[in-house]
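Chemist: Next comes the sequence, and after it the predicted model I'd like to discuss.
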Amino acid sequence: MTGSTTTKIIATDTAELFAAAVCRAAELLRAGELVALPTETVYGLAANALDPRAVAKIFEVKGRPKHNPIIVHVSDLEMARRCVREWSPAAERLAKSFWPGPLTLVLPRSPEIPEIVTAGGDTVGVRWPSHPFMQAVIAECGFPLAAPSANLSNQISPTNADHVRNHLCGQIALIVDGGQSQVGIESTVVDLSGGSSRVLRPGMIHSEALAAALGTGAFAVTESILSESVALKSPGLLEKHYAPTARLVVCSWKEEEDLNAQIAAYRAHATGTFVIAHTQIPSGTNLGGVSVVPHDAEAYARALYAELHRCDSEGAELIVVEALPEGPEWVAIADRLERAQS
């Protein structure tokens, strides 16, 4: 997409506004345009997944690497099955357990899905989102939507319409404001295209829950968060991703003196340093700011990206994030922080 365009932001907080927004979004998507839409994970930059030229605009607007595939979003199981060549028993079990919701299934792609969506690979990631607006738009369109996060490539995913506006205003025609994303980080991605199941990108549906849904001993579900040099099967596998403009570090401290010493070692100005903490809360004296986020994985995930956006908007030079607790429910958040500081 060249040049600039007027970006309109429309609300959905009454039945009339919701219906009007669905109609306008579907109209633009049918015309091959891009629309930023809310989902329960993060906001997505959507295009008709069956239109290669529309999908190409996603890569152009985001500055997205051409080898990074895009997840396809559907409005029901029938549409999901049309996107793939094989619908396995494992896919059926996981879909029945977690769809609609923050789970992406990687399966052999249907010829109907253009190669640009899958970055030339033979598999496609498919998800049925639970956000009512996203569901309504896909159903109105009658075709699946390719929709990565609605931000510039490698930067922090947006969890509200203002975040999208800050990244993409003037680049797309429409941003639909569907409120704050309720999951807050990207979906779990499970590869079912081989002989066994594996997690390509961890999310808030963690491996123990997946294994339970698949049946004990039926399939191996392992965390595999490795970059693949050819034909990536999923987004979120690149070493650097989900990153704020400021430098981000994760560390532990016992008292404020310890924290201050670590900040000094990073050669950052105290006034340009923002701290995100959950247990060891500093006073914030001389710091740029201190945010306290919940000591609960689901609530933490909802808050994380918004806090990183805020730090960037307030001119942070360094963002210090308190190290996370252990446990399977924290794996996805730890993954995002690891990639953000790479």
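Modeler: In hand now; what should we look at?
Chemist: can you tell me how far Glu298 sits from Pro111?
Modeler: 39 Å (CB to CB, to the nearest Å). Just so you know, the C-beta spots here come from the backbone N, C-alpha and C atoms, and that holds for glycine as well.
Chemist: Looking at the two, which one has more neighbours?
Modeler: Neighbour totals were compared for Glu298 and Pro111, and Glu298 leads with 14 against 7 (other CB atoms under 10 Å).
Chemist: Do I have it right that that one meets Ile205?
Modeler: No. Glu298 is not in contact with Ile205 according to CB atoms under 8 Å; the separation is 11.1 Å.
Chemist: what's the burial count for Val265?
Modeler: No Val there; residue 265 is Ala. 10.
Chemist: Got the confidence number for it?
Modeler: On the pLDDT scale, Ala265 is placed at 93.
Chemist: One more: Gly236?
Modeler: At Gly236, pLDDT is 61.
Chemist: same thing with the one 10 residues further on?
Modeler: Per-residue confidence (pLDDT) for Ala246: 95.
Chemist: so how far is Thr273 from it?
Modeler: From Ala246 across to Thr273, the span is 9 Å (CB to CB).
Chemist: Show me which of those two is the more surrounded one.
Modeler: Thr273 (27 against 21).
Chemist: for the more buried one, what are its contacts?
Modeler: Residues near Thr273 by CB atoms under 8 Å, 6 or more residues apart in numbering: Ile263, Leu287, Gly288, Ala316, Glu317, Leu318, Ile319, Val320.
Chemist: Please identify which of the residues you listed is nearest to Asp335.
Modeler: Ile319 (17.0 Å; CB to CB).
Chemist: tell me the contacts of the residue nearest to the closest one when sequence neighbours are not counted?
Modeler: Excluding the flanking residues, the one nearest Ile319 by CB to CB, 6 or more residues apart in numbering is Leu248, at 4.6 Å. Leu248 makes contact with Leu308, Leu318, Ile319, Val321, Leu337, Ala340, Gln341 under the criterion CB under 8 Å, 6+ apart.
Chemist: Of those, which belong to strands?
Modeler: Judged by DSSP state E, strands contain the following of these: Leu318, Ile319, Val321.
Chemist: Out of those, who's the most crowded?
Modeler: Of those, with other CB under 10 Å as the count, Ile319 tops at 27 neighbours.
Chemist: Would you confirm that it contacts Thr245?
Modeler: No. If you go by CB under 8 Å, Ile319 and Thr245 don't touch, sitting 9.6 Å apart.
Chemist: sorry, back to before: which element is the residue nearest to Ile319 on?
Modeler: strand 247-251 (DSSP states H and E).
Chemist: tell me which residues in that strand are buried?
Modeler: Arg247, Leu248, Val249, Val250 (16 or more other CB atoms under 10 Å).
Chemist: same check, this time on stretch 161-174
Modeler: Quick answer for stretch 161-174 (16+ other CB under 10 Å): Ala161, His163, Val164, Arg165, Asn166, His167, Leu168, Cys169, Gln171, Ile172, Ala173, Leu174.
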